[in-house]
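Peer 1: Curious how this folds, go ahead:
(chains A and B)
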Protein chains: 2
Amino acid sequence: VRTLADIGERAAIRHIENILTKGKHDTGIGDDCAAIDLGKVYLLVTTDMMTRQTHIPPQMTPYQVGWFLVAINLSDLAAKGGAPLGLVLSLGLPRKTAEDFLLDLMKGADACATSFGTTIVGGDTKEDSELTLCGTAFGRVKKDEFMPRLGATPGDIVAVTGSLGKAGAGYFALKQNIERNLTRGLFEPVPRLKEGRILARQHCVTSSMDISDGLSSSLYQLQEVNHVGFEIDKRAIPLARGLTKVSKKNQEMDPYRVALHFGGDYELLVTMPAASFEKAQKAVQRTGTPLSNIGRVTRKKDILLMDGVQKTLLENKGYEHFKKHFFP
Amino acid sequence: VRTLADIGERAAIRHIENILTKGKHDTGIGDDCAAIDLGKVYLLVTTDMMTRQTHIPPQMTPYQVGWFLVAINLSDLAAKGGAPLGLVLSLGLPRKTAEDFLLDLMKGADACATSFGTTIVGGDTKEDSELTLCGTAFGRVKKDEFMPRLGATPGDIVAVTGSLGKAGAGYFALKQNIERNLTRGLFEPVPRLKEGRILARQHCVTSSMDISDGLSSSLYQLQEVNHVGFEIDKRAIPLARGLTKVSKKNQEMDPYRVALHFGGDYELLVTMPAASFEKAQKAVQRTGTPLSNIGRVTRKKDILLMDGVQKTLLENKGYEHFKKHFFP
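Peer 2: Reported below is the predicted structural model:
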């Protein structure tokens, strides 16, 4: 009998996509959120599951587990330009779970939701042999403000919010037992809801996704959907301050490699016509979050990393790669 | 350290309710669905988690597991008068899960969704040590058609859709290895979406819920919310044909006890003014589904079972009770 271990997650998801009946007016599986046509607006829905085994390292506090579960779902809404309407959480809990663990987890989840102007409106609890958490967020966006994955056009510029490598810095800080405060970048991601709404209102974004899987992996995903390539200016990548700190204490670490491949940074990756960038950048930066032009969309389907005059093919290794080491 | 096994699920949920910040215009946790104010309509959201250990007996086919996951979520929408907009499913899957198991599960889920005019619009898959399935359904209902749990008024009549004991009949058929076709009543419940919409459009329902936990347990839940009592006419309870069949082969089985307490029947329990019943009944029965008047809402807070001139206090044992035996 063929098992999931034999075929892998991607093949399993492709099979599922082939089985499922498609809704008439809805965007399909494969974007950050499902978008359901409600007339003038799309209802956005996204769901993420976390298990103790694969996603919850022991160093994470229960409060952080709850924060994380809510944040990763809100980040998917942010990438589509959505405003959140609420979340439901389903918790599979072992009988031996400490009461305080559950309460702290819910405090973290509530704190993240309310920090971004929304609430947890319901849920379910069930006994499970392993801690398994399922969050579902829903939101809405006007149809003409929806930012899909499909739409990147040769000539567009590529931009990211914030800085990259916060999660990677947190991971290496933890591993090397230095700069413990940096683990917040790893365990308490900040969904870019405000920035997403601002970008959506600019009506200039041609494609958008969050880069939780890593910048390189995200670029390869956009490449596949849009049949385009990218030229990324290595030196334009905004490195997180914590990453610079950690890499100074670790001569073998290339901070750009971490920023490109590590993943876990819940920033937005967008494309837009070059002429729109300056205005969009000003609008986003009013929130205190940078928006950096890091490259261009190309007709040629390669993804190139430009370092001065040097051009190299960008490796495609994202979160999936690191996960093996990080979450044993 | 106090664990969840020490405090129990109900206490855990109460604690969670106290922690969570409430949305301004939303109905709280405790109803079948969360209802989010979108102006003229409520967005309804409900989530249910199933685990191998507690909810998926080995006799259930993978197709039935998928059907069940979708059906129980759609039933919650039905109980509020909602029309479904879609579902997302998150699947926690052991590595050794057979590919065919996953595909059959998704076929069953898709078949249930499309049977009721909706689709599965997205989801997530993660590795998990035990099969853990999380479904979230969302729908909408005009505000003046929303059927809440709160509103039952002394003098109202109590009605149920369909017949009771289908799931119980399936369970005993399985256990005694007779009438195997009856297990469909247990493993392939039919959400009463059409009937829920018809009742909602009558604008007469004062309170509504699905009776998945069993009729007795559901009545006790309505009692607690509404501070009322009930008089239920035992002989008016519509027994499922399969239940009558099974009980004929089992002299010790009281079919009324099964219909009252077993649970697993995804029928709707509603209250409405007596004057509205006849018209509502006619409207519902046009779909082929009976609507039966089984009793009255009383000011006195007892729940009485009337059997001719005999009155007894109805026992409060629902699904929770049977679960222990059924899902070891």
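
Peer 1: Shouldn't residue A:106 be within a strand?
Peer 2: No: going by DSSP: H, G, I helix; E, B strand; the rest coil, the assignment for residue A:106 is helix, not a strand.

Peer 1: count of neighbours near it?
Peer 2: Neighbourhood size, residue A:106 [other C-beta atoms under 10 Å in any protein chain shown]: 24. All C-beta atoms are positioned from the backbone trio N, CA, C, and that covers glycine.

Peer 1: May I ask you to confirm that it is in contact with residue B:20?
Peer 2: Yes: contact criterion C-beta atoms under 8 Å: residue A:106 and residue B:20 qualify, at 6.7 Å.

Peer 1: Find residues that contact each of those two.
Peer 2: Both residue A:106 and residue B:20 are contacted by residue A:120, under the criterion C-beta atoms under 8 Å, 6 or more residues apart in numbering or on different chains.

Peer 1: so what pLDDT did the closest residue to chain B within the stretch 151-300 of chain A get?
Peer 2: Residue of the stretch 151-300 of chain A nearest chain B, by C-beta to the nearest C-beta: residue A:212 (12.3 Å). We have a pLDDT of 92 for residue A:212.

Peer 1: which element is it on?
Peer 2: Using DSSP states H and E, no element contains residue A:212; it sits outside every helix and strand.

Peer 1: Likewise for the one 10 residues further on?
Peer 2: With secondary structure defined by DSSP H and E, residue A:222 is part of helix A:215-226.

Peer 1: Other residues contacting the helix or strand following that helix?
Peer 2: Later in the chain than helix A:215-226, the nearest helix or strand by DSSP H and E is strand A:229-233. By C-beta under 8 Å, 6+ apart, the list of residues contacting strand A:229-233 from outside reads A:158, A:215, A:219, A:222-223, A:294-306, A:311, A:314.

Peer 1: repeat for stretch A:252-264
Peer 2: A:164-172, A:186, A:189, A:211-217, A:234, A:237, A:239-240, A:243-244, A:246-247, A:305, A:314-315, A:317-319, A:321-322.

Peer 1: Okay, helices next: where are they in chain A?
Peer 2: With DSSP state H, the ranges of helices along chain A come out as A:4-19, A:52-55, A:62-79, A:99-115, A:166-176, A:183-187, A:193-202, A:215-226, A:241-248, A:255-261, A:277-285, A:319-326.

Peer 1: Pick the most deeply packed of these.
Peer 2: Of the helices of chain A, the one with the most neighbours on average (mean count of other C-beta atoms under 10 Å in any protein chain shown) is helix A:62-79, at a mean of 27.

Peer 1: For that one, name the packing helices and strands.
Peer 2: Helix A:62-79 sits against strand A:41-51, strand A:83-93, helix A:99-115, strand A:132-142, helix A:183-187, helix A:193-202, strand A:207-210, with contacts defined as 3 or more C-beta pairs under 8 Å, 6 or more residues apart in numbering or on different chains; DSSP states H and E.

Peer 1: Mind putting those into JSON lines with distance to residue B:146?
Peer 2: Below are those laid out as JSON lines (distance: least, C-beta to C-beta, whole Å):
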{"stretch": "strand A:41-51", "distance to residue B:146": "17"}
{"stretch": "strand A:83-93", "distance to residue B:146": "16"}
{"stretch": "helix A:99-115", "distance to residue B:146": "23"}
{"stretch": "strand A:132-142", "distance to residue B:146": "18"}
{"stretch": "helix A:183-187", "distance to residue B:146": "39"}
{"stretch": "helix A:193-202", "distance to residue B:146": "28"}
{"stretch": "strand A:207-210", "distance to residue B:146": "34"}
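
Peer 1: averaging pLDDT over each of those, which comes out lowest?
Peer 2: helix A:183-187 (a mean of 91).

Peer 1: list the contacts for the nearest residue to residue A:206 once chain neighbours are set aside?
Peer 2: Leaving aside its sequence neighbours, residue A:206 sits nearest to residue A:151 (C-beta to C-beta, 6 or more residues apart in numbering or on different chains; 4.1 Å). Applying C-beta under 8 Å, 6+ apart to residue A:151 gives the contacts A:205-207, A:226, A:271.
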